[in-house]
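> Here is my input; please provide its structure:
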Amino acid sequence: MIPPGKVIAKRQEGTQYAALCFRRTAGQKPQVLLITSRGTGRWIPPKGWPIEGLSPAESAAQEALEEAGVTGQTYPAALGRYKYNRLKDRDKKKSSEAYIFALRVTAHRSDFKEKGQRRIQWFDQKTAALLVREPKLRQIIADFDPDLLDSNVSTNR
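Presented below is the predicted three-dimensional model:
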């Protein structure tokens with residue numbers, strides 16, 4: 001994990017914050033929520049640009065709310081970071097990176113900002129890892145263990 005103080009919430013060129021949204025029923029393995037990107041329809045975690053006044057983990061949680069309608073407990077230490085390519089000016093690819101933060105989902109809102117713009121689906125951890133394109137993100141999802149998260153949590157809106 002990357003300590004909370006190592007990531008800043010200022011908008012840096014090409015840096016975004018993502019939420020590894022998960023849920024787990026007692027005795028069950030974790031499930032991971034993925035959404036489709038609006039452009040290519042590939043499976044991704046909710047992510048977006050830093051939001052002024054919010055910590056990196058809070059920015060990731062806000063994106064999860066806007067893009068997937070989920071809220072819950074956020075963890076301030078990043079699980080890791082991964083690089084990905086995004087289209088810029090239609091045909092040009094630009095390399096970006098995202099820091100990813102765990103978000104234990106406790107509620108799903110029926111109405112949210114990007115409702116109807118993306119597919120939203122829960123997957124078992126292994127399937128979620130196989131569905132994402134980025135090798136480092138695949139590894140972060142595959143290695144994720146909610147039992148290793150520290151007890152320092154906050155609740156998003």
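> which non-adjacent residue is nearest Gln31?
Trp122 (4.6 Å; Cβ to Cβ, 6 or more residues apart in numbering). Every residue, glycine included, has its C-beta placed from N, CA and C.
> Leu103 and Asn85, how far apart?
For Leu103, the distance to Asn85 equals 24 Å [Cβ to Cβ, to the nearest Å].
> hmm, back to that, could you check how many residues crowd around the residue nearest to Gln31?
Counted with other Cβ atoms under 10 Å, the neighbours of Trp122 add up to 15.
> the more surrounded of Leu103 and Asn85?
More crowded of Leu103 and Asn85, by other Cβ under 10 Å: Leu103, with 30 against 12.
> What is the helix or strand harbouring that one packed up against?
Here Leu103, judged by DSSP states H and E, is contained in strand 92-108. In terms of contacts (3 or more Cβ pairs under 8 Å, 6 or more residues apart in numbering; DSSP states H and E), strand 92-108 is packed against strand 15-23, helix 56-68, strand 70-74, strand 80-88, helix 135-143.
> Wait, Leu130 touches Arg138, no?
Yes. Proximity of Leu130 to Arg138 meets the contact threshold set by Cβ atoms under 8 Å, at 7.2 Å.
> which one of those two has more residues nearby?
Between Leu130 and Arg138, counted using other Cβ under 10 Å, the more crowded position is Arg138 (16 against 13).
> and that one, what is it in contact with?
129-130, 132 (Cβ atoms under 8 Å, 6 or more residues apart in numbering).
> Using JSON lines, please lay out the helices and strands packed on strand 92-108 together with distance to Trp49 and mean pLDDT.
Compiled in JSON lines, the helices and strands packed on strand 92-108 are given as follows (distance: least, Cβ to Cβ, whole Å; pLDDT from 0 to 100):
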{"stretch": "strand 15-23", "distance to Trp49": "6", "mean pLDDT": "96"}
{"stretch": "helix 56-68", "distance to Trp49": "8", "mean pLDDT": "96"}
{"stretch": "strand 70-74", "distance to Trp49": "17", "mean pLDDT": "96"}
{"stretch": "strand 80-88", "distance to Trp49": "12", "mean pLDDT": "79"}
{"stretch": "helix 135-143", "distance to Trp49": "18", "mean pLDDT": "96"}
